[in-house]
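Chemist: The amino acid sequence is not available; the structure is as follows:
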């Protein structure tokens, strides 16, 4: 099964989104935002985009405040360690210490408001109360009532005046926190948010920001119920979506997971109303220096995972304390043999190698290239059907990282082969090379389909729809029966009106959420298409269309099969010039 490829078609750089040109006489307000950081103090050691870290974040926030003093810094909750979402949880004592350090760091960064999420109750009421009352931060939740009647623990909202503009900031907490939050009463979120919006309007607030830790599906239902929220910063969500979208008048912002990037919203305000905005997703790379104030409170390490150095094994001593330090010892050599081919233009092995180095710091890599003689015997002996192949020496089983990988390994002679379902494949050995053939595997329900079809049309691809046949005449697709019905109609259009097929699927890709599919046929015989799609003919045509998906085990897209041999994918729509380079290779 193809789950991922490590060919990167284009780099996903920090993206900036623009609307209308800015009026120089208008007020410019910056909102910086985070959420779901889970006390991630250090840059992640990810093979791809190793960014993040509170010390870098603090530096960037200071720089941005210097550029524009009219700046607010907000968090939508989930800033404590521990809980199911914390990938770096260790034990209660160290998790509590990490939560405290993170809170001190956020205070040093002078956050203007933080919403209370369910993870803020991970260590009980006493811990939460003791630590948040030590700070000068504003903790918000409009739907939590303190049964002990302690004043000022959580506020429903605050009003900040920035350059004469009154901004109301509301916090709301998921009811999932109830089971952790002894001593607190939770009120239905929708009612309390509505009440807070009403009170802010009575206070003549110009802009209303909701820091929500409900989860995005509940957020969207809430926005549909009533107007008044200008900006929604979501929490309690790990869905991989665009950094922002808009629903009605509400701008929906999605913070980066674990604080690995800093969200930045620049508002242009005219006549006390939002006239324009710009959203940026700012990376926290190693090009940003660490803030000295944060370093003064930040332990060197909490675990061995925080001690990384090329070719060495790091050990954290006195974890979680200011005395902590990393001790490095030379890593044992672990051989990695990679079998690939120079015939393949998309056989990029870099991503897998980077990941394996995080598990085996002493990794020593060598390559064999098909169809050279030494590779042919290994390919035959091991029953290899596709490349690249990653073969670890048996020395790997003595390393700590082996346990993390062993479920994705299988023995092949004196090697552990990384299963292709895990490492990805790019080149099919047993498929006949058909020069110039291009197969495209897509869902018409993907948000990028219309733009992708427009980009790739000139390459004349053979289109395969992302559906599966579960049983005889029983088809399934990600978006259910409506998607299957659309594919049945599409393959019938392809049979009876081949010259109109591309225009039809392009039209449906652009307007897939409307049921008026007939409008995309441009006066063709709709009855003929309906009879075909609803009968056995349509099923047989769809079965034929998705046969290659089944053969290659392709279940997601967009994916591309080049020359009937090379398989690769892309995130979003590739640039045409970059795609041309791949085709020409």
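Modeler: Cool, the structure landed. Bear in mind the structure is a predicted one, so any value in this text is a computation, not a measurement. Numbers count the residues shown, from 1 in each chain.
Chemist: How many neighbouring residues does residue 140 have?
Modeler: Counted with other CB atoms under 10 Å, the burial measure for residue 140 works out to 28 neighbours. Every C-beta, even on glycine, is put in place using the N, C-alpha and C of the backbone.
Chemist: ok, how many other residues are close to the closest residue to it other than its chain neighbours?
Modeler: When the adjacent residues along the chain are set aside, residue 140 lies closest to residue 171, with 2.6 Å between them (CB to CB, 6 or more residues apart in numbering). Residue neighbour count, defined by other CB under 10 Å, stands at 33 for residue 171.
Chemist: and if you look at residue 297?
Modeler: Burial of residue 297, expressed as a neighbour count using other CB under 10 Å, amounts to 15.
Chemist: What separation is there between it and residue 215?
Modeler: Counting by CB to CB, to the nearest Å, the gap from residue 297 to residue 215 is 32 Å.
Chemist: Can you give me the pLDDT of residue 544?
Modeler: In this prediction, residue 544 carries a pLDDT score of 97.
Chemist: Please name the nearest non-neighbouring residue to it.
Modeler: Closest residue to residue 544 apart from its sequence neighbours, by CB to CB, 6+ apart: residue 491 at 7.8 Å.
Chemist: pretty sure residue 253 is touching residue 235, no?
Modeler: No: at 10.6 Å, residue 253 and residue 235 do not qualify as touching, with contact defined as CB atoms under 8 Å.
Chemist: Please identify which of these two sits among more neighbours.
Modeler: Neighbour totals were compared for residue 253 and residue 235, and residue 235 leads with 29 against 22 (other CB under 10 Å).
Chemist: my guess is that one meets residue 218, correct?
Modeler: No: in this structure, residue 235 is not within contact of residue 218 by CB under 8 Å, at 11.0 Å.
Chemist: Could you list the low-pLDDT ranges of the stretch 1-150 of the chain?
Modeler: Low-confidence segments of the stretch 1-150 of the chain, defined by pLDDT under 70: 1-25, 47-48, 146-150.
Chemist: what about the helices in it?
Modeler: Secondary structure of the stretch 1-150 of the chain (DSSP state H, counting those that start in this stretch): helices located at 54-67, 92-108, 124-132.
Chemist: mind checking which of these is nearest residue 529?
Modeler: helix 54-67 (54.9 Å; CB to CB).
Chemist: Run the angle between that closest one and helix 92-108 for me.
Modeler: With axes from the mean of the first three to the mean of the last three CA atoms, to 10 degrees as the basis, helix 54-67 and helix 92-108 are set at 10 degrees to each other.
Chemist: Name the surrounding residues that touch helix 54-67.
Modeler: Outside of helix 54-67, the residues within contact range by CB atoms under 8 Å, 6 or more residues apart in numbering are 30, 32, 34, 40-43, 71, 73, 102, 105-106, 108-110, 259, 262, 264, 282, 284-285, 288-291, 293-295, 298.
Chemist: Among the residues you listed, which ones are in strands?
Modeler: The members of these that map onto strands under DSSP state E are 30, 32, 34, 71, 73, 262, 264, 282.
Chemist: pretty sure the fifth one contacts residue 112?
Modeler: Yes: the pair residue 73 and residue 112 passes the contact test of CB under 8 Å, sitting 5.5 Å apart.
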